[in-house]
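K.L.:
structure for this input, please:
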Amino acid sequence: MPKNKRDEHRSRLADDKRFNGDDQPVMGVSWFGAMAYCEWLMERQKEKSKGQKESMIYRLPTEQEWEWAASCGKREYPWGKEKPDDTRANYGNKIGQTTPVGSYPAGATPEGLMDMAGNVWEWMENKYYEEGDEVRALRGGAYYSNADGLRGSGRNSNLDVRSRGNGFRVCVAGES
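P.N.:
I've put the predicted structure just below:
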């Protein structure tokens, strides 16, 4: 990514040592920054796989995809119906910062997806409202969220700003 674009989309918390440890999720990034990262991944892959016709598509998940991954349409929380606790997710501002990805194996989905609840709100590809303004959807809850934000059906919204609890998850959508 060119330096000026990198700086424009850089996390506003990149220099805060509480939030940039090894394996911690990126946060404080805007929706456009998350989208730019996905585009950068695709460009980088194209450079590495010259001559190949197909390449992977990297993007943010839609809310429907995220909710299905988190709950399979039947679980209340990614791990099941049990209420959140300190073994399943980083939430309730108990630690006061993000934790390394994978720190809560008891909170994984039965399919093995980690950190679908807590740590950072994750930007979704879609808008919060189908029609209207540019408010974007977020899912998953953050380290400061209450237990309701951790539900598979829990939603949040934000304008495209680099808020402290906003991060993202990249999904691989197939080949182009």
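K.L.:
any regions of this protein where pLDDT drops low?
P.N.:
1-21, 51-54, 160, 162, 175-176 (pLDDT under 70).
K.L.:
show me where the chain has strands.
P.N.:
56-59, 121-127, 136-139, 155-158, 166-167, 171-175 (DSSP state E).
K.L.:
just checking, what packs against the fifth one?
P.N.:
Counting contacts by 3 or more CB pairs under 8 Å, 6 or more residues apart in numbering; DSSP states H and E, the secondary-structure elements packed against strand 166-167 are strand 121-127. Where C-beta positions appear, they are placed from N, C-alpha and C, glycine not excepted.
K.L.:
just how off-centre is the strand it packs on within its chain?
P.N.:
Its chain's C-alpha centre lies 8 Å from the corresponding centre of strand 121-127 when counted by CA atoms, centre = their mean, to the nearest Å.
K.L.:
kindly report the same for stretch 30-39.
P.N.:
So, by CA atoms, centre = their mean, the centroid of stretch 30-39 is 11 Å from its chain's centroid.
K.L.:
got the buried residues for that stretch?
P.N.:
30, 31, 33, 34, 35, 36, 37, 38 (16 or more other CB atoms under 10 Å).
K.L.:
sorry, back to before: output the strands of the chain as a markdown table; include the columns distance to residue 74 and mean neighbour count.
P.N.:
Shown next, in a markdown table, are the strands of the chain (distance: least, CB to CB, whole Å; neighbours: other CB atoms under 10 Å):
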| stretch | distance to residue 74 | mean neighbour count |
| --- | --- | --- |
| strand 56-59 | 26 | 16 |
| strand 121-127 | 21 | 23 |
| strand 136-139 | 17 | 25 |
| strand 155-158 | 18 | 17 |
| strand 166-167 | 26 | 26 |
| strand 171-175 | 21 | 12 |
